[in-house]
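S.K.: no sequence on hand, only this structure:
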């Protein structure tokens, strides 16, 4: 019987098995020798435990934690003095802030870290994830890395004493903003004072504002021509003060229109503006003694969409050709589209806005433009009501004080007497 | 379907642009579609954002699953009911007999807006502006570490010019907006300087804004030439 032969080696099976066994033993021994040698090398390079323990690192000290002042709660400020090893080019790399709560005071978890190496000796960390209902304990650990290379590197931590318990709470007042509070009080005081003076019959002078003097003329022109007046109160909602100012002026324009029996149309882009404008126009017509002349559809909604609103008004303007168009309120990119279309049909246009980027377009395309503050002064100027005139005078006194403060502050700072501008710094 | 949408968009774009020639039926059609669809679109957006997104989800909050897979329950925010009541009062306009009640939420909105913005504008428009304007004009004093005394360090000519423009522009601009004094004599002259500053600012702003509007035009031209006609690759 022929023995089974392995075709590749052309050897009998038994001899093949013997050779494989010899090779296996040889390479097995070789592997064992190699692994042993590697382990010996690792052992030689390992840092003894005693060497790690002996590495000395000073912990941070005077660690304290307190409720963060002047906030809405939910924050605790941890303060500590730097470790003795945290010097320029010192070994401390960072501070690790750890927190435990009253339920498990021994179980600390890291809440944040602060990079070491500050020039000031005192460090602060604001823990903004605190709950006002819980009490917390804090400790801070100085951290460094020992060892010169990747194999010997090890993190060394030195923990401070535990401080606490402390809890966060909300405060009623943010005392850092006391300057704004005093400023508003002063301004309100001036306004109240001058309102009382105006009510008492004292004469208060208001300078001529050309754009507002033209309101009567513009309404009269529409009456003479037998055409409509359009009033556009901007594209923003009632939470914008410019819209509020625009709607206030609308009252005065509507009163004039009612007196002259001229159709006033107010297309709006916000539902709340529509409701408010309707109330204002209705009241103005009643004030003018023409409540019957008011129609609900004088004030109507187009769309909330900025350019859809502009397209709608453009179409109305070219088809109905109003004699007068007012733009009073907050406008964005649609300002020139509207004003240029009104200009193309020869309407007399009076605009007023506080949007600095849109004012140039209104100045270019309208007959009169109320610039910023003039828009807010318009209602007082037009109505001549003592309350509004007194308010305007009070604001002017505030402006006078600001002018004086700017001059005084520049002098004081130029001559290095006092950092006067810090009085006006605002904390958010 | 996508091609159809591109063709509709191109048709409406050209319809709106045709207004540059004159008012025409194509523009009227495009305008009506634009106004109608945008009004409906905003109704849906406001409904899902405010009535459902804020109010309904605030009162009946859904359970959330955090990154660790835990179910997080949220407390209902019943303050939202105040807004809901005010909104409902606004709808009473539809009932003429008690329509006057709708003035209450209006008064609330206008009053709150005025009060809230008083502080915001006072801080941002007044205090920050004054703080930024008060500055040493010609130089500043720095601590000399060698002598431990303050030494004067003059600004460069360009910095002094810049500071002067800022201070004079702010000061005279503020004088222009002083309403309770006649603009005559020195006061009137100062106000005139102020309006010059304002107009120069408007000129610069005009140019800047026109350039930004060009991007809108380029966007539409790009749509017509690239997406619609495929002429530009």
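M.R.: That came through fine. Quick caveat, the model's predicted, so the values are computed rather than measured.

S.K.: could you find the closest non-adjacent residue to residue 71?
M.R.: Here I'm looking at chain A. Nearest non-adjacent residue to residue A:71, counting by C-beta to C-beta, 6 or more residues apart in numbering or on different chains: residue A:171, 6.5 Å away. For the C-beta atoms, the positions are set from N, CA and C on the backbone; glycine is no exception.

S.K.: looking at chain B here, not the other one
M.R.: Residue B:71 sits nearest to residue B:63 (C-beta to C-beta, 6+ apart), 5.2 Å away.

S.K.: what about that neighbour, neighbour count?
M.R.: Using other C-beta atoms under 10 Å in any protein chain shown, residue B:63 is surrounded by 8 other residues.

S.K.: correct me if wrong: the residue nearest to residue A:71 contacts residue A:69.
M.R.: Yes - between residue A:171 and residue A:69 there is a contact under C-beta atoms under 8 Å: 6.6 Å.

S.K.: from chain A, how far off is the residue nearest to residue B:71?
M.R.: Computed as C-beta to the nearest C-beta, to the nearest Å, the residue B:63 to chain A distance reads 20 Å.

S.K.: ditto for residue B:80
M.R.: 17 Å.

S.K.: give me phi/psi at that residue?
M.R.: phi -60, psi -20 (degrees, to the nearest 10).

S.K.: show me the contacts for it.
M.R.: B:54, B:55, B:58, B:59 (C-beta atoms under 8 Å, 6 or more residues apart in numbering or on different chains).

S.K.: can we see that at 10 Å?
M.R.: B:54, B:55, B:56, B:57, B:58, B:59 (C-beta atoms under 10 Å, 6 or more residues apart in numbering or on different chains).

S.K.: what helix or strand does the residue nearest to the last one when sequence neighbours are not counted sit in?
M.R.: The spatial neighbour of residue B:59 that comes closest, neighbours along the chain excluded (C-beta to C-beta, 6+ apart), is residue B:76 at 5.3 Å. Taking DSSP states H and E as the definition, one finds residue B:76 inside no helix or strand.

S.K.: helices of the chain, start to end?
M.R.: Going with chain A. Assigned by DSSP state H, chain A shows helices spanning A:13-45, A:49-53, A:178-199, A:210-225, A:241-260, A:271-287, A:306-320, A:334-344, A:359-365, A:373-383, A:386-414.

S.K.: that answer is for a different chain, and I need it for chain B
M.R.: Using DSSP H, helices in chain B cover B:2-17, B:25-46, B:57-59, B:80-91, B:103-121, B:128-133, B:157-176, B:185-222.

S.K.: who touches the residue nearest to residue A:241 when sequence neighbours are not counted in this structure?
M.R.: Once flanking residues are discounted, residue A:241 sits nearest to residue B:117: 5.3 Å by C-beta to C-beta, 6+ apart. Residues counted as contacts of residue B:117 (C-beta under 10 Å, 6+ apart) are A:239, A:240, A:241, A:244, B:124, B:125.

S.K.: what's around the last one, how many residues?
M.R.: This means residue B:125. The number of residues near residue B:125, taken as other C-beta under 10 Å, comes to 13.

S.K.: can you pull the contacts of it?
M.R.: A:354, A:372, B:117.

S.K.: out of these, who's nearest residue A:113?
M.R.: residue B:117 (39.6 Å; C-beta to C-beta).

S.K.: before we move on, back to that, quick check, the residue nearest to residue B:71 in contact with residue B:57.
M.R.: No - the pair residue B:63 / residue B:57 is not scored as a contact, 11.5 Å apart, by C-beta atoms under 10 Å.

S.K.: shared neighbours, the two?
M.R.: By C-beta under 10 Å, 6+ apart, the residues touching both residue B:63 and residue B:57 are residue B:74.

S.K.: ok, the spatially closest residue to residue B:28 that is not a sequence neighbour - contacts?
M.R.: Counting by C-beta to C-beta, 6+ apart, the nearest residue to residue B:28 once its immediate chain neighbours are dropped is residue A:315, at 6.6 Å. For residue A:315, the contacting residues are A:302, A:341, B:19, B:23, B:27, B:28, B:30, B:31, B:32, B:34, B:35, by C-beta under 10 Å, 6+ apart.
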